[in-house]
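Undergrad: show me the folded form of this:
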Amino acid sequence: MQNKIESTRKKYLPVATRGAIIYFIISDLTLLNCMYNFSLEMFLNVFKTTVFSLGNSYLNPDQEDVVLEFNFNTAHRDRQLDFKVDKHVASLVDHITMNLHKQVVCSLYSRHHLVYSVLVCVQVLRNSGVVTDTEWDVFLHGGTLKLMSKSSEFVPVMEEDIITTPFHKTTGTGVTYQAKRMNRVKSKRILGKPLWLTTTQWEATNMLENTVPAFQGLSKNMIDKPEFWQAMLASDNPYYMFEQSRSRSSSIGSLKSLRTDSALEQISEDSEADPHSLSASQISETRPSWKWSTLTAFQKLMLIKILRMDALTESTSTFVSMILGERFIGSHEQSLNHIYKNSKPQNPILFILSPGVDPTTKLQRLLKDLNENVDMLEMLSLGRGQGPRIEEILRNAMQRGKWVFLQNCHLGHSWLQNLQKVIHSMQTEQLHPDFRLWLSSLPDDQIPGSVIQSSLKVAMEQPRGVKANLHQAFISGVISPSMYSDQDAGPDFQKLVYNLCLFNSVILERKKYGSLGWNISYEFTNSDLEACIQVLHQLMSEYVTVPWEALLQLAGTVMYGGRVTDKWDQRPYLLSSASSLTKRPSSLATGSLSPSRTNSPKT
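TA: Okay, the predicted model is just below:
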């Protein structure tokens, strides 16, 4: 029985191992930002919730007592249950990794999402032995090792010259003839840098070849086979180019890809041209044969970092999606309503702010969605002399179930110790179930670690990109679920709401291009989009067909265009072209509506 228990325990070691890997990664996130401080309690809560949610899902109902009592009767049953346990362990590992990913990424700025995913991916590979410590060090500190390559520890990559010398040989019959033999010259010559590589890239390549055994012969291969490497330098996604050779069934359909395929075919040949008419076996003894196709996924990423630093982010995303899955790429941003439902009165909700972001409107909209009175929210800004008043309001809110929003905690350093004591007392006192404490702060290392650890953290920042702006428009509560699903607005209302959100995303994204986007940086807000959607809902409820002219005039000219003051920004093609996003009949599934149709009100 003891042996069976020990055997079963070992089968669950991968779950514990994955949990330990992720926990130590999470604990080191404070090196990126002082606000990324997570408690062991949070980790254990997610871990236990995941385990309990899966339970004995791998068993049939009549088999649960078999496992719990360890009453194994036959070898066949043992094998059957072992197979199910293995599937259950794999499911546990996957769900724990994903649930912790969602919890952590919600608290990180978008620029750190990929960093966390890469750390999890690489540490999992390091634990399995696929990635060595040397490879990880070279990937992180390649620049430092390149400087070390100029010392005596590293030598430049050299090639031994191969020459043939004639000699006379006499056979047993006394016949003498002239033959050739291969001599290895003692002196070596340093390989010259290819013209299509920079000096920094060439030095880094030599460092990589001298450090990692898998890259032996890399420099020589770059000189002898320049077609592939030049194609890789010109590729939009070099990591995908590496993987493309393994699956020739996928086609890109572009001239660049055709050149890449021809280069791949050329460098995949097993033998090299022999200038001295020697056999391929003799050549392989003197010149190292190196194939990039034998590299691991991480070794290819190392090579891309050296040769194509501009494509490292995209290649890293491809690397993570291949190892862990595409689910681990992206923000996994959660709505404020979802965060509220998963919170507890004992744990504050901390908004980690970025410049120019204010969550006040979102909190007020959340109260509206919950059908609560706006007076339920008490908003206070930390400052001089606010301490006693804040404590009184907090005590009152804990008993009556109100919300308290303490803004700009980074400005109230003198009262943070008192805030720490209040949060500590919240863990033991009996609180009203509706009470919530909301905090907001810019990153500040003077905020007590216990305050950050005990809080449910939410990173707030301006979305980056049209897709992120579009996603933010739908989860920010600009449109309520009841309005979005209103049948009286007609079947095309939801499609037009999407077009308005896309229009809003486009004009917001133009701001990042400076004067090329707008001559003046206009403060377009979600209030503009919310007003447009309300007008759209009213028009669609009153008219049978889409009132295009009224919609374009109100959305493009009044709601958004009213903020535009520069005469060059008022040019028709700037606002009208963006407004035409809402005017495309192709965006409607039926295709029967068009701006030329006569608008008629509902009777």
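
Undergrad: what ranges do the strands span in the stretch 451-600 of the chain?
TA: Shown for the stretch 451-600 of the chain, the strands assigned by DSSP state E, counting those that start in this stretch span residues 456-459.

Undergrad: list the buried residues in stretch 457-464.
TA: 457-459, 461, 463 (16 or more other CB atoms under 10 Å). The way it works is simple: take the backbone N, C-alpha and C, and place the C-beta from them, glycine included.

Undergrad: who are the packing partners of the helix or strand hosting Val320?
TA: When elements are assigned from DSSP states H and E, Val320 belongs to helix 312-323. Applying 3 or more CB pairs under 8 Å, 6 or more residues apart in numbering; DSSP states H and E, one finds that helix 312-323 contacts helix 113-128, helix 238-244, helix 297-307.

Undergrad: buried stuff in that helix?
TA: 312, 314-321, 323.

Undergrad: quick check: the gap between Gln334 and Leu456.
TA: From Gln334 across to Leu456, the span is 11 Å (CB to CB, to the nearest Å).

Undergrad: residue contacts, the closest residue to Leu312 other than its chain neighbours?
TA: Nearest residue to Leu312, sequence neighbours excluded (CB to CB, 6 or more residues apart in numbering): Lys305, at 5.4 Å. Shown in contact with Lys305 (CB atoms under 8 Å, 6 or more residues apart in numbering): 139, 142, 312.

Undergrad: neighbours of the closest residue to Pro443 other than its chain neighbours, how many?
TA: Counting by CB to CB, 6+ apart, Pro443 lies nearest to Met35, which is 5.0 Å off, once chain neighbours are set aside. Per other CB atoms under 10 Å, the neighbour tally for Met35 reads 23.

Undergrad: name the helices or strands packed onto the helix or strand where Gln399 lies?
TA: Using DSSP H and E, Gln399 sits in helix 387-400. Where contact means 3+ CB pairs under 8 Å, 6+ apart, helix 387-400 is packed against strand 377-381, strand 403-407, helix 416-426.

Undergrad: now with 10 Å?
TA: strand 377-381, strand 403-407, helix 416-426, strand 436-441 (3 or more CB pairs under 10 Å, 6 or more residues apart in numbering; DSSP states H and E).

Undergrad: could you list the buried residues of the longest one?
TA: In this case it means helix 416-426. Buried residues in helix 416-426 (16+ other CB under 10 Å): 416, 419-420, 422-423, 426.

Undergrad: now swap in stretch 442-453 and tell me
TA: Using 16+ other CB under 10 Å as the test for burial, stretch 442-453 gives 442, 447-448, 451-453.

Undergrad: helix or strand with the lowest mean pLDDT in the chain?
TA: helix 280-286 (a mean of 34; mean pLDDT, DSSP states H and E).

Undergrad: which neighbours do Gln334 and Leu456 have in common?
TA: 103, 106, 342 (CB atoms under 10 Å, 6 or more residues apart in numbering).

Undergrad: you'd agree the first one is up against Ile26?
TA: In this case it means Gln103. Yes - the pair Gln103 / Ile26 is scored as a contact, 9.2 Å apart, by CB atoms under 10 Å.

Undergrad: okay, the two: which has more neighbours?
TA: Neighbour tally, Gln103 and Ile26, criterion other CB under 10 Å: the higher count belongs to Ile26, 23 against 20.

Undergrad: circling back: residues in contact with the helix holding Gln399?
TA: Contacts of helix 387-400 (CB under 10 Å, 6+ apart): 345, 376-378, 380-383, 386, 402-404, 406, 412, 414-415, 418-419, 421-423, 425-426, 429-432, 434-437.

Undergrad: hmm, back to that, same list (the contacts of Lys305) but as CSV, adding pLDDT and distance to Ile475.
TA: Converted to CSV, the contacts of Lys305 look like this (pLDDT from 0 to 100; distance: CB to CB, whole Å):
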residue, pLDDT, distance to Ile475
Phe139, 92, 35
Gly142, 73, 39
Leu312, 91, 30
